[in-house]
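1. Take this sequence and fold it.
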Amino acid sequence: MTPPAPPAAPLRADCIGDSAGGLTFDVAARRNSRNAGAALLVLRRRVLDAVDAVGAAADTVSLPLAPAAEGRLRAALPSSVSLPEGRWDAYARLSDGRPRRLVPGVTDLRSLAERTPSGLLGHVAVRIPYATRQGNLTVRSWLRAPHAEAVDLRLASGGLTVRGRVYGTPLGPGADAELRARPGDAAGGADGSGVRRVEVAAERTEFAFTVPYDGLAPGHWDLWLRPAGDSGPVVRLARLLDDVADKSPVFTFPRARVWTPYGPVEAGPYYTTDNDLSLAVAPLEA
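-> From the prediction side, this is the model:
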């Protein structure tokens, strides 16, 4: 009996980010010259639930892999190629036609950490490659139009000051920030109607506001920006413009203890799994 063939060694891909938001993938493999057109880098958007599964077959982006050096194939994902928001698993399809999962090699994302988009396109596109828990290569993509970037968070004993920049829409004289309680939280009731407004100081594309903790009921509060007040869009605040795919375990903040009409609480900011900015307010025993 012939023993089964050993599993193929994983294919490694080096990733380089550019200042425009594009990515280059260098795969350690050779293209078979007899089937020269078959080499592709394939990105597949991850299906999270049954709702996302509708039309999921169309959520695939294929990029040609061309020889770049001896034993290297290169694919480019320019910023001009649309990549809808989500997590995209990376594969290489070589001469045998079978997609093989890629693992990360050397990753250079220094240009992403220094990137400041112009905002002239009306949207912000961000792509950050990262290693999954299984060690595979995946690209986290965001596509926000418009976008409100949380640039700096300053914590005081009684509140949080947020400084940021807006892209894709102007800041008007009636700009304000909005805190929305999550549906089902005590802060918002069963219908999620809990909303707080905070005045915003705006100058050109930059804004700042302070959230006092002492008026917040226990629960989770999501932070939004209204660049034109009631007359314009409502934009979720997030931190996207750096090289960190998942902010929540990296950016942690101290909690402040304050007294509110609902009793003593412990409050502080955090980033969600989508890198959106929120506040957690937890009750304390009096």
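
2. And stretch 253-262, how far out from the chain middle?
-> Relative to the chain's own centre, stretch 253-262 is displaced by 28 Å; criterion: C-alpha atoms, centre = their mean, to the nearest Å.

3. just the CA coordinates of that stretch, formatted as CSV?
-> Below are the C-alpha coordinates for stretch 253-262, written out as CSV (Å, rounded to 0.1, in the frame of the first residue of the first chain):
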residue,chain,number,x,y,z
PHE,A,253,-7.5,52.4,28.5
PRO,A,254,-7.9,53.0,32.2
ARG,A,255,-11.4,53.3,33.7
ALA,A,256,-12.6,56.2,35.7
ARG,A,257,-14.9,55.8,38.7
VAL,A,258,-17.6,58.5,38.9
TRP,A,259,-20.9,59.1,40.6
THR,A,260,-24.0,59.3,38.4
PRO,A,261,-27.8,59.7,38.9
TYR,A,262,-27.8,55.9,38.4
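
4. Which positions in that stretch come out as buried?
-> 255-256, 258, 260, 262 (16 or more other C-beta atoms under 10 Å). (Glycine included, C-beta is placed from N, CA and C.)

5. Helix or strand: which one has G164?
-> strand 159-167 (DSSP states H and E).

6. Neighbouring strands of that strand in the sheet, and parallel or not?
-> Under the criterion DSSP bridges, strand 159-167 sits next to strand 147-156 (antiparallel), strand 206-212 (antiparallel) in its sheet.

7. And whichever helix or strand comes after it, what does it pack against?
-> Using DSSP H and E, the helix or strand that follows strand 159-167 in sequence is strand 176-181. On a contact count with 3 or more C-beta pairs under 8 Å, 6 or more residues apart in numbering; DSSP states H and E, strand 176-181 meets strand 195-199, strand 206-212, strand 219-226.

8. Format those as TSV; extra columns: mean pLDDT.
-> Listed next are these as TSV, based on pLDDT from 0 to 100:
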stretch	mean pLDDT
strand 195-199	94
strand 206-212	96
strand 219-226	96
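
9. out of those strands, which comes closest to L155?
-> Taking C-beta to C-beta, strand 206-212 is the member of these nearest to L155, at 10.5 Å.

10. May I see the buried residues of that closest one?
-> 207-211.

11. Residues contacting it, please?
-> Under the contact criterion C-beta atoms under 8 Å, 6 or more residues apart in numbering, strand 206-212 has outside partners 148, 158-166, 171, 175-177, 179, 196, 198-201, 223, 225, 227, 279.

12. Noted, bye for now.
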